[in-house]
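Peer 1: Next come a sequence and a model predicted from it.
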Amino acid sequence: MFIVRVLKKGAEANIYSARFLDRKVIVKRRIKKAYRIKEINYKIRSLRTAHEAQLLYEAKASAGVPTPNIYLVDRDRAEIIMEYVEGTRLKEILDEMPSESVGDICSRLGGLIADLHGVGIIHGDLTTSNVIVKQDGNLFLIDFGLGFHSNLVEDQGVDLHLLKQIFESFHLLQAIRAFQAVLKGYGAVVGKEMLEEVMRKIREIEGRGRYVAAEARNST
């Protein structure tokens, strides 16, 4: 394998474009933390690497959610070598889409999120940067580095609430339409009763945020 270029440097991991077995691939390498004891550093990076690879596999195998194919997991190097998904991040194109396209893509995204939640997977970082739109319109979910297993409505609500915040922060003109479409697609999978329960949880989470903000203002 040889690295072609750095795509992203993050707090937890660096992402590289590379060549592996004559394929264009993505390499995700968790970085060492200088403040950690060496043995603990190794264990944390190794476990998180294996855990993310497992979630990527389960999302595809158990939930039928498109995720990159995994070619190699190197726990010693805290590295995952995976398929390079050709496409465009939803973040880069959502604002320019016509209304009907926003509705279609976000509804399908909501369905994929519901599929994940249905098998007890919480993505943990549902942002428009972590959704790849392929040329044929199919969607891929990437970056499960903050993901975990849970069947709690609380965790499902937090997952969706983060996506709502992303829409409102980075795609203001499309935010209402996009999130309504996500909920529509989500509800088509989980059913009306479960959708209403998750929506109540989202409103509860938003209420907590407003309460904390008000308390902060009152204390200054």
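Peer 2: Thanks, I have the structure now. Residues are numbered from 1 along each chain as shown.
Peer 1: and Arg30, backbone torsions?
Peer 2: For Arg30, the backbone dihedrals (degrees, to the nearest 10) come out as phi -70, psi 140.
Peer 1: do Gly110 as well
Peer 2: The phi/psi pair for Gly110 (degrees, to the nearest 10) is phi -60, psi -40.
Peer 1: From Ile3, how far out is it?
Peer 2: Applying C-beta to C-beta, to the nearest Å, the value for Gly110 to Ile3 is 36 Å. Every residue, glycine included, has its C-beta placed from N, CA and C.
Peer 1: which one of those two has more residues nearby?
Peer 2: Set Gly110 next to Ile3 and count neighbours by other C-beta atoms under 10 Å: Gly110 wins out with 26 against 12.
Peer 1: Now do the strands in the chain.
Peer 2: Here the chain has its strands, by DSSP state E, at 2-9, 13-20, 23-30, 70-74, 79-83, 88-89, 121-122, 131-133, 139-141, 148-149.
Peer 1: Serialize those strands to JSON lines and add fields for mean pLDDT and distance to Glu206.
Peer 2: Listed next are the strands of the chain as JSON lines, based on pLDDT from 0 to 100; distance: least, C-beta to C-beta, whole Å:
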{"stretch": "strand 2-9", "mean pLDDT": "85", "distance to Glu206": "30"}
{"stretch": "strand 13-20", "mean pLDDT": "95", "distance to Glu206": "30"}
{"stretch": "strand 23-30", "mean pLDDT": "96", "distance to Glu206": "32"}
{"stretch": "strand 70-74", "mean pLDDT": "97", "distance to Glu206": "36"}
{"stretch": "strand 79-83", "mean pLDDT": "97", "distance to Glu206": "34"}
{"stretch": "strand 88-89", "mean pLDDT": "98", "distance to Glu206": "26"}
{"stretch": "strand 121-122", "mean pLDDT": "98", "distance to Glu206": "18"}
{"stretch": "strand 131-133", "mean pLDDT": "98", "distance to Glu206": "22"}
{"stretch": "strand 139-141", "mean pLDDT": "98", "distance to Glu206": "24"}
{"stretch": "strand 148-149", "mean pLDDT": "98", "distance to Glu206": "22"}
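Peer 1: With Glu52 as the reference, name the closest of those.
Peer 2: strand 79-83 (6.6 Å; C-beta to C-beta).
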